[in-house]
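Engineer: I'll drop the sequence and a predicted model, then ask my questions.
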Amino acid sequence: MMLMPRRRDFDLFGDMFDDPFFTNNDSKMMKTDIKENDNNFELEIDLPGFKKDDIKMSIDDGYLTINAKQEDNKDEKDKHGKYVRRERYFGECSRSFYVGDDIKEEDIKAKYKNGTLRVEIPKKEEKEKLPDKKYIEIEG
């Protein structure tokens, strides 16, 4: 165990490694819960810090793809126009789910509130399988 000096609640290494550069990675992004109901599937996707306009959804070849892109720029200047602090963060994450070839854009409902994207995908009735041919027995 290594002890690091602290001054006025400032921890150089603790603060540095809490930065999104070190903590944001795809394994922690877009945590998703999937719930099956009688008529649909519900996805709840965690997207904290994103705005509704940062999130795009598309469907292609039966795959629903959710893409979230974030750009954050914090510029602070002193009264002489010199930078006191300048930070930028750019991040993007994406996930795809197979929903079936029969699902169309208009079938899917989505709502984003408090950092959680809720998506409802209806269950489509499976096409009935054609009955097996029945043969009539021929006597003789």
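Structural biologist: In hand now; what should we look at? Numbering: from 1, shown residues only.

Engineer: Can you tell me the SS state at residue 48?
Structural biologist: Three-state call for residue 48 (DSSP: H, G, I helix; E, B strand; the rest coil): coil.

Engineer: which residues does it contact?
Structural biologist: Taking C-beta atoms under 8 Å, 6 or more residues apart in numbering as the criterion, residue 48 is in contact with residue 115. From N, CA and C alone the C-beta is placed, and that goes for glycine too.

Engineer: any idea how far it lies from residue 100?
Structural biologist: 29 Å (C-beta to C-beta, to the nearest Å).

Engineer: and what of residue 137?
Structural biologist: Residue 137 is 40 Å from residue 100, by C-beta to C-beta.

Engineer: of the two, who's got more company?
Structural biologist: Legend: neighbour count by other C-beta atoms under 10 Å for residue 137 and residue 100, higher for residue 100 (15 against 5).

Engineer: Verify the stated contact: that one with residue 64.
Structural biologist: No - contact criterion C-beta atoms under 8 Å: residue 100 and residue 64 do not qualify, at 9.6 Å.

Engineer: Grab the nearest non-local neighbour of residue 45.
Structural biologist: residue 117 (4.4 Å; C-beta to C-beta, 6 or more residues apart in numbering).
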